[in-house]
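Colleague: Here you go, sequence then predicted model.
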Amino acid sequence: MPTLHLLCGKIASGKSTLAASLSETPGTMVISEDTWLAALYADQMTSVADYVRCAGKLRLALTPHLVALLKAGVSVVLDFPANTVANRQWMMTVIRESGVPHQLHFLDVTDDICKARLRARNASGEHDFAATDEQFDLITRYFVAPEEQEGFNIIRYQDQPS
């Protein structure tokens, strides 16, 4: 049975690392927001408002594709941040339209650990986007932890090493 894996966690909490690990299961693929946004909109994203606009376009375009993959029997690790109620509502739409089981992986990592990982990630130059501590703080203001009443099957991880 195909499964939709969703990821919730602040910047540099380990979402993409977990996504890579989850994708090692046969018949599973990762679809990464950062990869798609970098390829399609990197030159257009200079603010949080730009990110919201571009990410919205990407979600709209990918929704039918995600549903088709899941209905075809492919498990998907959706490496998009399930960090706001609105993003999770979109993800719930994909779950309902595809009719597959899901798991919401919640990486509950402290800001200090995330910032340390972010600095290391920025220094490596291997990530599609680099964020400053100030950008981390700005974006983190929008973070809302998932709650049981939203209807997700939540698996919680605390301070996981990246």
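Modeller: Structure received. Since the structure is predicted, the reported quantities are computational estimates derived from the model, not experimental observations.

Colleague: Give the ranges of residues in this protein that sit below the confidence cut-off.
Modeller: Screening the chain residue by residue with the criterion pLDDT under 70, one finds the ranges 124-125, 127-130, 160-162.

Colleague: Test my guess that residue 59 contacts residue 88.
Modeller: No. Residue 59 is beyond contact range of residue 88, at 11.8 Å (criterion: CB atoms under 8 Å). For glycine as for every other residue, the C-beta is placed from the backbone atoms N, C-alpha and C.

Colleague: who has more neighbours, these two?
Modeller: With neighbours defined as other CB atoms under 10 Å, residue 59 and residue 88 compare such that residue 88 has more, 22 against 17.

Colleague: so how far is the helix or strand where the more buried one lies off the chain centroid?
Modeller: With elements taken from DSSP states H and E, the one containing residue 88 is helix 85-98. Averaging C-alpha coordinates over helix 85-98 and over its chain gives two centres that are 13 Å apart (CA atoms, centre = their mean, to the nearest Å).

Colleague: ranges for the helices of this structure?
Modeller: Taking DSSP state H as the test, the helices found in the chain are 15-22, 33-41, 48-71, 85-98, 111-124, 133-140.
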